[in-house]
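Novice: Okay, here's the prediction I keep looking at, along with the sequence it came from:
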Amino acid sequence: MAERGAVTEGVPSTADVCDAGGHGECVNVDRALNRVFTLLGKRWTGLLLGVLNNGGPAYFSELRRTVPGISERMLSDRLTELAEAGLVVREVDAGPPLRVSYRLTEGGIALKPALNELAVWADRYLPESPLKDGC
């Protein structure tokens, strides 16, 4: 995988994805969209970004309470992935008690318009979800 922000010379902006069964033609899939959904398409990731975008920095325990159904292990994994992608910063507050908070980077904040548009789209085109609200 290329480093974040790295330019790969000679790589086209789309990838050919062919029907494995040989029943269709090749379709060009945008590499940028592939990268976006590889990260943001994981369960809980979009919700975590939404919570941090709407509420600002949050402690691990606050995120755990706010996102319904997420386990501590999954929350830790998703936050680690977001930090590795450069979207979230993990900050340890001096204790006692020792507390860990998370805030969005410039890249994470830049996702807010896209997340807002996805929410508008969902309200218009997706049926209501059985998910319960957090908190």
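Specialist: In hand now; what should we look at?
Novice: Give the burial count for Ser25, as a bare number.
Specialist: Not Ser; residue 25 is Glu. 6 (other CB atoms under 10 Å). Bear in mind the C-beta positions are built from the backbone N, C-alpha and C, glycine included.
Novice: ok, residues contacting stretch 97-116?
Specialist: 46, 49-50, 52-53, 56-61, 63, 79, 82-83, 85-93 (CB atoms under 8 Å, 6 or more residues apart in numbering).
Novice: can you pull out the strands in the protein?
Specialist: Here the chain has its strands, by DSSP state E, at 14-17, 27-30, 58-59, 88-93, 99-104.
Novice: in the chain, which segments are predicted with low confidence?
Specialist: When residues are selected by pLDDT under 70, those of the chain lie in 1-24, 130-135.
Novice: can we see that at 50?
Specialist: The model of the chain has pLDDT under 50 over residues 1-12.
Novice: how about Val67, what does it touch?
Specialist: Trp44, Leu47, Leu48, Val51, Leu75, Gly134.
Novice: who's in contact with the third one?
Specialist: Okay, so that is Leu48. Counting by CB under 8 Å, 6+ apart, the residues that Leu48 touches are Leu63, Val67, Leu75, Arg78, Leu79, Leu82.
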